[in-house]
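K.L.:
coords below, sequence missing:
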């Protein structure tokens, strides 16, 4: 799948006020120095370092106070050798000044300030551009905007940024037996889970889920629905029902819709074996199993990296390192993904495997992360340090 | 602060379709069994386990096929000893049946199915209620709804849930020298950062930031603005400008506004020493330093746990365990919080400390997490395994 060229999301210009969580569509350079001028970090006096060097209680230095810097205003003028200006934290150093002394380390009388300690004078200022210089690369393209990053953009004078639009991901769900919660349910019918869990996961990952009516388990209906979804959206996620026979619509219909078609059909993974990955033109298609646990795990692990390519992003590559609190022992003939609950115990992070079958959605609902048992391995002993990959979720504050 | 009673957020009833990221305002019990009936996990035949026990190629069992279960429909009737019904994956077991055999392990001719392997017959079904039983506690109050949890709610027949409203957090920002990005900037003025970073952090944490006009550095104006914000909102976050003198409005005004008033003033922490924590009635007040790095770090570490109490929540208590890639050596007389970048290297998660002063917002913008150096410690050697606490951020997919 990684060799298939996929479309890049469209770009939209937004205010930094609305940019939290968005992905930058290009690199951002600072358009101003931060701070824009050299500033005092203390309340006291702006001075010339050489005038106060070595000043102490025993050997004080004196400077003439020639004025005061008002906050948010330009200094009233420069200072010359032997002169100082009163200044507040954050005030602009007057031309000539290159240091500041704290008011606590001075005494003032008759416009003469006596400096009793100047040891920090040069570090009591922040030079213009010390945080960021005009022209600096602030952020690479594809950076996700966090609160601190949005603050940094504002701080560097940037009020509008180009971000990627959320790609529209069409959701085609089959399964004649599925009923939405709140609707009456009849014998033989079960509640729909995928419409809710998959839409939530797509939204959490940064996409706009586009819901379509349930597709009847009839090939022509499925073909028509797929054609419409692939026309209207940037990508399509399909989740099969669990009825027999018609289940195999997905690979046929994706293949028939145009090249490159089906790239992967069946993966040696549990849960999720009957997954289909492909594309129609530059639009990715993720065919998920009907089983809700399999569908969500496969969307998280195989679907997400593909869909994120439209945002020029990769999935989080930093796992939570955790100590497995119980042995996992599964068949080595498949790659297994085991839901785990993470908790902190005795200063360590522990991952408790939640065992069950793929029929048990509550296992995933109680899980924080997935631990992968690679093909050919099968067993991971309790006490081993493992990589736990957090499930896509709203921020955990 | 933990002894001060704080208000609980109001409750609002929302559709599970809109519930991702919300916090449950009460425990949720399942109102239906999941699945609501015993289902086949395979395509094949619903059978009675005793009829096929021990069947093999050498010693096959035979059963009479008396009908077929349609997907999404009630079985046409029960089966008796010696009988079977065709069934698809997910089909409802007919009364009497307690097992299923895979079509691949059978041959059918003249309505007689010959069963050549029945070793998995009893595990080829999912019993009604195997995932969740009606009446089971699904989720405790204060659970945050993830994609899997929303799916589980829908699966258990629940379409509406009571969640907490996002508490309104008023933002009072002072600092006459601050200018929004995009506005013209004059000598002595600097760009506002806090309005953007703090609003983003509050929204990410699950609150509704309520923006007010910048408050002039005049005590009466500050008092009036605080009174209005505390009346209109569930909590107030204040961030001082950096101008002298007026800086100390916050504790006085909070104290004067009503009991319990200021609880904490000054913390032995860097960054963030001049932080004020308190409450007016049951509304928490977080007084942050004006410095953007200090303000965001203190909101994350001291403000968040207090504000989250309104949602009955605690901050994430699972850190990322990481190996410190460089020694931290700071003054032991304060508790330090060092921004770190997390990355994966050679199978380990490493935390690279980003050193700088609190004047450097770019340090926080490049950080993923904070590492705390406790009071009295000062030094953590490179190579040590440390707890890195992720900064509030949009989901990292």
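P.N.:
Now that the structure is in, tell me what you want to look at. Here the structure is a predicted model, which is why all the values come from computation and not from measurement.
K.L.:
any low-confidence regions in chain A?
P.N.:
A:241-247, A:396-397 (pLDDT under 70).
K.L.:
Could I get the buried residue list for the longest helix seen in it?
P.N.:
Scanning chain A for the longest helix, with DSSP state H as the assignment, gives helix A:219-232. Using 16 or more other C-beta atoms under 10 Å in any protein chain shown as the test for burial, helix A:219-232 gives A:222-223, A:225-226, A:229-230. For the C-beta atoms, the positions are set from N, CA and C on the backbone; glycine is no exception.
K.L.:
quick check, nearest of the residues you listed to chain B?
P.N.:
For the buried residues of helix A:219-232, the closest approach to chain B (C-beta to the nearest C-beta) belongs to residue A:222, at 15.0 Å.
K.L.:
Surely residue A:163 touches residue A:145?
P.N.:
Yes - look at residue A:163 against residue A:145 with C-beta atoms under 8 Å: they come within range, at 7.4 Å.
K.L.:
Now the common contact residues for those two.
P.N.:
Counting by C-beta atoms under 8 Å, 6 or more residues apart in numbering or on different chains, the contacts common to residue A:163 and residue A:145 are A:19, A:22-24.
K.L.:
and these, which of them are in helices?
P.N.:
Short answer: the shared contacts of residue A:163 and residue A:145 have none in helices (DSSP H).
K.L.:
Those: which two are farthest apart?
P.N.:
Greatest spacing in the shared contacts of residue A:163 and residue A:145, by C-beta to C-beta: A:19 and A:23 (9.7 Å).
K.L.:
any residues in contact with both of these two?
P.N.:
Counting by C-beta under 8 Å, 6+ apart, the residues touching both residue A:19 and residue A:23 are A:145, A:163.
K.L.:
What is the neighbour count of residue A:29?
P.N.:
15 (other C-beta atoms under 10 Å in any protein chain shown).
K.L.:
partners of it in the sheet?
P.N.:
Beta-bridge partners of residue A:29, counted by DSSP bridges, are residue A:137.
K.L.:
Let me see the contact set for it.
P.N.:
Neighbouring residues of residue A:29 by C-beta under 8 Å, 6+ apart: A:135-138.
K.L.:
Tell me the one among those residues nearest to chain B.
P.N.:
residue A:138 (7.5 Å).
K.L.:
List the contacts of that closest one.
P.N.:
Residue A:138 touches A:28-30, A:132, A:152-153, A:156, A:158, B:362, B:365, counting by C-beta under 8 Å, 6+ apart.
K.L.:
What is the nearest of those residues to residue B:126?
P.N.:
For those, the nearest to residue B:126 is residue B:365 (49.2 Å; C-beta to C-beta).
K.L.:
Spatially nearest residue to the closest one (excluding sequence neighbours)?
P.N.:
Leaving aside its chain neighbours, residue B:365 sits nearest to residue A:152 (4.0 Å; criterion: C-beta to C-beta, 6 or more residues apart in numbering or on different chains).
K.L.:
Return the list of helices and strands in contact with the helix or strand containing that neighbour.
P.N.:
Assigned by DSSP states H and E, residue A:152 belongs to helix A:147-155. With contacts taken as 3 or more C-beta pairs under 8 Å, 6 or more residues apart in numbering or on different chains; DSSP states H and E, helix A:147-155 sits against strand A:137-139, strand B:190-191, helix B:194-205, helix B:292-298, helix B:361-365.
K.L.:
Any chance of CSV for these, columns distance to residue A:185?
P.N.:
Shown next, in CSV, are those (distance: least, C-beta to C-beta, whole Å):
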stretch, distance to residue A:185
strand A:137-139, 50
strand B:190-191, 57
helix B:194-205, 38
helix B:292-298, 49
helix B:361-365, 50
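K.L.:
In contact with the residue of chain A most remote from its centre, which residues are there?
P.N.:
Taking C-alpha atoms, centre = their mean, the residue of chain A most remote from its mean C-alpha position is residue A:110, at 57.4 Å. By C-beta under 8 Å, 6+ apart, no residues touch residue A:110.
K.L.:
cool, residue A:126 as well?
P.N.:
A:35, A:38-39, A:41, B:357, B:359.
K.L.:
go again using 6 Å as the cut-off
P.N.:
A:35, A:39, A:41, B:359 (C-beta atoms under 6 Å, 6 or more residues apart in numbering or on different chains).
K.L.:
Now the buried members of those.
P.N.:
By neighbour count, with 16+ other C-beta under 10 Å, these hold A:35, A:39, A:41, B:359 as buried.
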